[in-house]
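Enquirer: Below are the sequence and a predicted model; questions follow.
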Amino acid sequence: DDMANMEHVTEGKATLDVSEFMIQDMVHMAVAAVQELCTAKGHELTLALPPAPLPVRADRAKLEIVLNNLLTNAIKFTEPGGRIKVTVTASNGEVQVHVADTGVGVPPEEREHIFDRFYQVEPALTRTHDGLGLGLAIAKGLVELHGGRVWCESVQGMGSRFSFTIPINGPRPKGRGTGPLRAI
């Protein structure tokens, strides 16, 4: 699935099926999909969601992939018994989603590369975690397809916070500028 998703994103084949939905519902679905993994590692998973319904216009399935990738990374790189928190906020016409963990963290020199295809922080010969190094690249591509951005804040040995934003009212149509029309 990751290889097919990455191909669609990198070759520009990915399209959005935009609809309106409550972001809280999407977060609950994504969390339910990883709950068993979280429980198996003894993680405490908490949510901080807006109390009022927060409708967004986006591709729900693709945002679930993004959040699933961030959550599975948090689970994978957090020691048993650690904590993971998903936070959703809205401001300035954007929704922000944060996945924070108490995991191993990302070294400063690695942060600019972790969203690259096939990039993994651990050396191949001593790698202790499974994966192809595509999850974060897919997340980045799908968020950018929505007109958003994704980033990481981290302290090595203390955890990471992966975040993304998307416009609340949906992505801008491709090829349409925001400036005034001019006569030719």
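Expert: Ah, there it is.
Enquirer: quick one: low-confidence parts of the chain?
Expert: Scanning the chain for pLDDT under 70 picks out 1-14, 108, 111, 113-133, 172-184.
Enquirer: go with 50
Expert: Residue ranges of the chain with pLDDT under 50: 2-8, 118-119, 121-129, 131-132, 175-184.
Enquirer: can you give me the helices in it?
Expert: 2-10, 23-40, 60-76, 135-145 (DSSP state H).
Enquirer: need those helices in CSV with distance to G93 and mean neighbour count, can you?
Expert: Using the backbone N, CA and C atoms, a C-beta is placed for each residue, glycine as well. Formatted as CSV, the helices of the chain follow (distance: least, CB to CB, whole Å; neighbours: other CB atoms under 10 Å):
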stretch, distance to G93, mean neighbour count
helix 2-10, 24, 15
helix 23-40, 14, 16
helix 60-76, 17, 22
helix 135-145, 16, 23
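Enquirer: can you redo these as TSV with distance to I84?
Expert: Shown next, in TSV, are the helices of the chain (distance: least, CB to CB, whole Å):
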stretch	distance to I84
helix 2-10	21
helix 23-40	7
helix 60-76	5
helix 135-145	15
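Enquirer: right, so of these, which gets closest to D17?
Expert: D17 lies closest, by CB to CB, to one member of these: helix 60-76, at 6.9 Å.
Enquirer: That closest one to helix 23-40, inter-axis angle?
Expert: Per axes from the mean of the first three to the mean of the last three CA atoms, to 10 degrees, the angle that helix 60-76 makes with helix 23-40 is 30 degrees.
Enquirer: Need the contact partners of helix 60-76.
Expert: With contacts defined as CB atoms under 8 Å, 6 or more residues apart in numbering, helix 60-76 is touched by 5, 14, 16-17, 19, 21, 26-27, 29-31, 33-34, 37-38, 41, 43, 84, 86, 97, 99-101, 103, 129-131, 135-136, 138-139, 142-143, 145-146, 150, 160, 162, 164, 166.
Enquirer: So A58 is in contact with D17, correct?
Expert: No. The criterion here is CB atoms under 8 Å, and A58 misses it with D17 at 9.4 Å.
Enquirer: When those two are compared, which one has more neighbours?
Expert: A58 (29 against 9; other CB atoms under 10 Å).
Enquirer: hey, what's the more buried one bridged with?
Expert: Beta bridges link A58 to S19, judged by DSSP bridges.
Enquirer: Next one: it from T39, what distance?
Expert: Per CB to CB, to the nearest Å, A58 is found 28 Å from T39.
Enquirer: just K85 next, same as before
Expert: Distance, K85 to T39, by CB to CB: 16 Å.
Enquirer: Check T165 too.
Expert: 29 Å.
Enquirer: do Q24 as well
Expert: Distance from Q24 to T39, by CB to CB: 21 Å.
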